[in-house]
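J.: Coordinates for the following, if possible.
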Amino acid sequence: MSAERAKLHLHLVSDSTGETLESVAKAGLARFEGVEAIKHFWPMVRSEGHLDRVMEEIARRPGLVIYTLVDGGVRDRLEQRCATLGLPFVSPLDPTIGALSELLGQVATRRPGRQHVMDAAYFQRVDAINYTMVHDDGAGHDDWEEADIILAGVSRTSKTPTAIYLANRGFKTANIPIVPQSPPPAILFSVAGPLVVGLTTAADRLIQIRRNRLLTLGQAPDTAYVETGTVEAELAFARRLFADNDIPVIDVTRRSIEETAAAIINLVQARADAKAETA
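T.: Presented below is the predicted three-dimensional model:
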């Protein structure tokens, strides 16, 4: 008999969108097994009246309160109410802001939601996401010169999710499948602007992913698409293609999307540094 999962109510109270708190909560929960977390989002809480209404709801489903509140009055009220109710509460950004304030010799701004101001970086991300969605799976290769990164690899090597993750970091990212029967366009090997990166993986892992994909689509799980010899030949073809054209390769077998993206960003930075040194 499996152990009963522990249930936990998490209340994420923010004077902005709550995205930061969601990331913190996700990272924290990843360190614990057997926990069923029920998240309650309370964004844009910027007045004591609004907070009072939120606290009424929190009292009905007591749990851990995680908050980012800039306004001192609202913040003090939340802490007082939590203490009265006997609820644990934590402001995860306090240690970082305190350390930065001491190091910089500045008092932190008291403007809520400043990290989400629609500045140039915001519009860069939007532009990157739009570009990436239009240039998925080999589409739009005529203007690959506008890309920052081009991902290439056989089917189901996480090209699309990695491209979307990179786009959210502000990188225009195109991707193309490597298919032995249909070689990629020549521009993949001659494009000057973007960094071309090859993605590869272990054959057994790729077969497992492809089988799961076929089952999800309601298709027969026994086709050439998942046949060991065919998959190994596809991977070998892609690796030769990358080697012959000096394309850096990242093995995604044991990497998460975030880890793969981080490795790609490191390659982008290394190339930029090398260009700066020779300039």
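
J.: can you map out the strands along this protein?
T.: Using DSSP state E, the strands found in the chain span residues 6-14, 35-42, 64-68, 89-90, 149-153, 173-177, 195-200, 249-251.

J.: Figure out how far the fourth one is from the centre of its chain.
T.: Spelled out, it's strand 89-90. Computed by Cα atoms, centre = their mean, to the nearest Å, the chain-centroid distance of strand 89-90 equals 26 Å.

J.: Mind giving me the packing neighbours of that strand?
T.: strand 64-68, helix 72-85 (3 or more Cβ pairs under 8 Å, 6 or more residues apart in numbering; DSSP states H and E). To be clear about C-beta, it is placed using only N, CA and C from the backbone, and glycine gets the same treatment.

J.: closest to residue 164 out of the strands of the chain?
T.: When the strands of the chain are compared by Cβ to Cβ, strand 173-177 sits nearest residue 164, at 7.9 Å.

J.: if we can go back for a sec, deepest in the core, which of the helices and strands packed on strand 89-90 is it.
T.: strand 64-68 (a mean of 22; mean count of other Cβ atoms under 10 Å).

J.: What helices and strands are in contact with that strand?
T.: Counting by 3+ Cβ pairs under 8 Å, 6+ apart, strand 64-68 packs on strand 6-14, helix 19-29, helix 72-85, strand 89-90.

J.: Would you list the strands that it pairs with, along with their directions?
T.: Applying DSSP bridges to the sheet, strand 64-68 is found paired with strand 6-14 (parallel), strand 89-90 (parallel).

J.: Of those strands, which shows the lowest average pLDDT?
T.: Lowest mean pLDDT within the strands paired with strand 64-68: strand 6-14, at a mean of 90.

J.: Show me which positions of that one end up buried.
T.: Using 16 or more other Cβ atoms under 10 Å as the test for burial, strand 6-14 gives 9-14.

J.: OK, contacts around residue 247?
T.: 152, 189, 196-198, 241 (Cβ atoms under 8 Å, 6 or more residues apart in numbering).

J.: buried subset of those residues?
T.: By 16+ other Cβ under 10 Å, the contacts of residue 247 give 152, 196-198, 241 as buried.

J.: Can I get these in TSV including distance to residue 133?
T.: Below are the buried ones among the contacts of residue 247 laid out as TSV (distance: Cβ to Cβ, whole Å):
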residue	distance to residue 133
152	18
196	20
197	19
198	22
241	26
